[in-house]
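Student: give me the fold of what follows.
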Amino acid sequence: MICRLGCVSIRQRPLSRFRIFAAPSNYYDGYDHFVTFFNAMKSRKPVTEDAGFGFRAAAPALLTNDSYFEGQPVAWDAEAMKRTGGMSR
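Tutor: Numbering: from 1, shown residues only. Sure, this is the predicted structure:
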């Protein structure tokens, strides 16, 4: 099947082959986030998702924007957490 933009869609599998996981209707993930944060502050223990974790998650998205606006590919060194290609800022 081809969509209006010319992209080819993959063959869709019936939903019965997948397990669907859903949070309870009254669940708010912000609560767990804040509880974890405040517990780490009280106990002075490090959290799993520290600043480095967040940066590694956000950096590829930020580099996507750079690539788009500069009109060329950019490279990312995940070990050094630095941009290695394209125009430098």
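Student: what's the local residue count around Leu63?
Tutor: The criterion is other Cβ atoms under 10 Å. On that basis, Leu63 has 17 neighbouring residues. Where you see a C-beta, it was placed from the backbone N, CA and C, and this is true even at glycine.
Student: on contacts alone, who are the packing partners of the lengthiest helix in the chain?
Tutor: Ranked by residue count under DSSP state H, the longest helix found in the chain is helix 51-70. In this structure, helix 51-70 makes packing contacts with strand 76-77, judged by 3 or more Cβ pairs under 8 Å, 6 or more residues apart in numbering; DSSP states H and E.
Student: mind redoing it with 10 Å?
Tutor: When contacts are defined as 3 or more Cβ pairs under 10 Å, 6 or more residues apart in numbering; DSSP states H and E, helix 51-70 packs onto strand 76-77, strand 82-83.
Student: who does the last one pair up with?
Tutor: Meaning strand 82-83. strand 76-77 (antiparallel) (DSSP bridges).
Student: can you list contacts of the strand it pairs with?
Tutor: Taking contacts as Cβ atoms under 10 Å, 6 or more residues apart in numbering, the residues outside strand 76-77 that touch it are 56, 59-60, 62-63, 82-86.
Student: would you turn those into JSON lines with distance to Gly71?
Tutor: Compiled in JSON lines, these are given as follows (distance: Cβ to Cβ, whole Å):
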{"residue": "Arg56", "distance to Gly71": "25"}
{"residue": "Ala59", "distance to Gly71": "20"}
{"residue": "Pro60", "distance to Gly71": "18"}
{"residue": "Leu62", "distance to Gly71": "16"}
{"residue": "Leu63", "distance to Gly71": "14"}
{"residue": "Lys82", "distance to Gly71": "21"}
{"residue": "Arg83", "distance to Gly71": "16"}
{"residue": "Thr84", "distance to Gly71": "18"}
{"residue": "Gly85", "distance to Gly71": "13"}
{"residue": "Gly86", "distance to Gly71": "10"}
